[in-house]
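Asker: quick one, what's the 3D model for this:
(one chain, ligands or ions: 1)
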Amino acid sequence: DGVLYVVATPIGNLDDLSDRARQTLAKVDLVAAEDTRHSGRLLQHLGLSKQMLALHDHNERARVAGILDALAAGRQVALVSDAGTPLISDPGYLLVREVRAAGYRVSPVPGPCALVAALSVAGLPTDRFLFAGFLPAKRSGRQAALTELAREPATLVFYESPHRIIEFMKDLAEVLGADRECVLGRELTKTFETFYSGRADEVLEQLESDPHGARGEFVVMVRGAAPTPAGEASVLDTDKLLELLIKELP
Ligand code: SAM
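Answerer: Reported below is the predicted structural model:
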């Protein structure tokens, strides 16, 4: 029977592709990729030529039927995204869900993942963490999302793009507090891999004064909230949240 392999690919350094990822990509009949041009270059680098299928957020539902047909015909399929582990802030959720529901085997070929790589070197608690991915692009939505997380005791992990990182850090300092400990990982595994760490306001300053600070891809990690002193309500600031949500209304 057909198998769907969910294959992690490098987040920057091509040498991070595992042998098993290479072998899996070599043996499958079909590669479902977020961007076929991008993943096509990876396959080319590996000397492979494969039938490919584009699977992105906008066509995932429509593509699932075709992949189920391929699996029914006994074909082996790999799912890859542009970088790192599929489904982690990347397409594939619906596909994996439907393929499992149809009774086919879905097997991981683990490897690079920016959030795990970043956490492994941040020196923040990792016994509990909350991955929040990308927050909304609009300021009010982002602030509302941060407000919901303000009292979360677990380490927080976010993804952010270079053109929003400064705004993100400003909102973070405002909502979670300027003294909240943060660690930012930029361009992990790449030539210009950089870390910024300190209080939120200090990290913001480091970013603003670094000529390359607003370039590259970021993982933002934040120490969880200190336990609320006994007697104080540990509920989230509902008034602030409501105010922000009202601003989101059309
Ligand atoms: N699936 C990927 C993974 O496993 O990490 C994440 C895909 S998501 C669309 C892309 C985001 O991941 C970037 O905006 C950035 O926040 C983060 N990211 C990916 N590669 C990175 C790197 N080399 N250094 C820092 N952050 C990275």
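Asker: C-alpha only now, for contacts and for neighbours.
Answerer: Will do.
Asker: the closest residue to Asp171 other than its chain neighbours: what secondary structure?
Answerer: What sits nearest to Asp171 in space, not counting adjacent residues and going by C-alpha to C-alpha, 6 or more residues apart in numbering, is Gln143, at 6.3 Å. Assigned with DSSP: H, G, I helix; E, B strand; the rest coil, Gln143 falls in the helix class.
Asker: what sits up against stretch 150-162?
Answerer: The contact list for stretch 150-162 (C-alpha atoms under 8 Å, 6 or more residues apart in numbering) reads 115, 124-126, 128-135, 168, 175-176, 214-227, 234-236.
Asker: now with 7 Å, please.
Answerer: Stretch 150-162 is contacted from outside by 125-126, 128-134, 176, 214-227, 236, using C-alpha atoms under 7 Å, 6 or more residues apart in numbering.
Asker: which among these end up buried?
Answerer: Listed as buried from these are 129-131, 133, 176, 214-225; burial here means 16 or more other C-alpha atoms under 10 Å.
Asker: restricted to helices, list those residues.
Answerer: Members of those lying in helices (criterion: DSSP state H): Leu176.
Asker: strands - which of the buried ones among the contacts of stretch 150-162 land there?
Answerer: Counting by DSSP state E, the part of these found in strands is Phe129, Leu130, Phe131, Gly133, Phe218, Val219, Val220, Met221, Val222.
Asker: and the buried ones among the contacts of stretch 150-162 near the ligand, which?
Answerer: Filtering the buried ones among the contacts of stretch 150-162 for proximity to the ligand by C-alpha under 6 Å from any ligand atom leaves Glu217, Phe218, Val219.
Asker: I'd say the second one and Leu188 touch.
Answerer: No. Contact status for Phe218 versus Leu188: not in contact, 8.2 Å apart, counting by C-alpha atoms under 7 Å.
Asker: before we move on, back to that, I'd like the ones in strands among the buried ones among the contacts of stretch 150-162 as JSON lines, with pLDDT appended.
Answerer: Shown next, in JSON lines, are those (pLDDT from 0 to 100):
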{"residue": "Phe129", "pLDDT": "98"}
{"residue": "Leu130", "pLDDT": "98"}
{"residue": "Phe131", "pLDDT": "98"}
{"residue": "Gly133", "pLDDT": "98"}
{"residue": "Phe218", "pLDDT": "97"}
{"residue": "Val219", "pLDDT": "98"}
{"residue": "Val220", "pLDDT": "98"}
{"residue": "Met221", "pLDDT": "98"}
{"residue": "Val222", "pLDDT": "98"}
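Asker: leaving out chain neighbours, which residue sits closest to Val99?
Answerer: Nearest to Val99 is Leu68, by C-alpha to C-alpha, 6+ apart, at 6.7 Å.
Asker: mind pulling up the pLDDT for the one you found?
Answerer: The model reports Leu68 with a pLDDT of 97.
Asker: same question, Gly231
Answerer: 61.
Asker: for the helix or strand hosting Glu167, packing partners?
Answerer: Using DSSP states H and E, Glu167 falls within helix 165-176. Judged by 3 or more C-alpha pairs under 7 Å, 6 or more residues apart in numbering; DSSP states H and E, the packing partners of helix 165-176 are helix 139-149, helix 200-209.
Asker: for the lowest-mean-pLDDT helix or strand in the chain, which positions count as buried?
Answerer: One helix or strand of the chain scores below all others by mean pLDDT, DSSP states H and E: helix 238-248, with a mean of 78. For helix 238-248, the neighbour count (16+ other C-alpha under 10 Å) marks Leu241, Leu244 as buried.
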